[in-house]
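Engineer: need a structure here:
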Amino acid sequence: MFRDKRTCEAEFFAADIFADGGRLGELEGGLDVVYAGAFFHLFDLPEQEQIAERVAGLLKAETGVMMLGRNVDGGSYTTTSGGRFVQHDKQSWQALWKEVGRATGSQWDVWVEEREVEGVRQMCFCVTRK
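Structural biologist: Numbers count the residues shown, from 1 in each chain. I've put the predicted structure just below:
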C-alpha cells in the first residue's frame, strides 16, 4: 500500500474476529500490540464485548501488551436494519475493559483522550495489560 514491501515486516490479512481457529487462532496469546482504529463502533455492545475479549486473548499474557486505536466518540445510533451501535466515551470504554478483565481474569489500564478533529468527536485509546 505504501510501496514499502521491502522494508515493512508487517503481515496484513483479512479475518473474522468472531470465528474460532483460522489465522487469528494461530495468533492466540502471541501478540504484543493490536491496532483497532475505527472498528469497535461498527458493532453493538455484546459484540464489542466479544471482540474485546478476543483481543485480550490474542495478546500475550504479559504486563505491558496493548491495544490502541481510535473511534468516533460518544453516544449510540440505530441502523436502518434496527441494529444499535455504541460509540464509547471515556467512562463507557473504561467500563467495557473492566468487564473484559472480570470475564478473562485479567486487569487493564485504560487511557483515553477525547478530541475534536475537523468537527468530529474522536476517542483515542490505549488499553494496556497490568
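
Engineer: Return the helix or strand in the protein with minimum mean pLDDT.
Structural biologist: Each helix and strand of the chain was given a mean pLDDT (mean pLDDT, DSSP states H and E); the minimum falls on strand 76-78 at a mean of 63.

Engineer: Which element is encountered next along the chain beyond it?
Structural biologist: Scanning forward in sequence from strand 76-78, with DSSP states H and E defining helices and strands, the next element found is strand 84-86.

Engineer: Could you point out the helix or strand that follows that next one?
Structural biologist: helix 90-104.

Engineer: Show me what the helix or strand just after that next one is packed up against.
Structural biologist: Towards the C-terminus, the helix or strand next in line after helix 90-104, according to DSSP H and E, is strand 108-117. Using 3 or more CB pairs under 8 Å, 6 or more residues apart in numbering; DSSP states H and E as the contact test, the elements touching strand 108-117 are helix 90-104, strand 120-129. Just so you know, the C-beta spots here come from the backbone N, C-alpha and C atoms, and that holds for glycine as well.

Engineer: between the ones you listed, which gets nearest to Ala52?
Structural biologist: Checking the helices and strands packed on strand 108-117 against Ala52 by CB to CB gives helix 90-104 as the closest, at 4.6 Å.

Engineer: Give the other helices and strands that the closest one contacts.
Structural biologist: Contacting helix 90-104 under the criterion 3+ CB pairs under 8 Å, 6+ apart are the following elements: helix 45-58, strand 108-117, strand 120-129.
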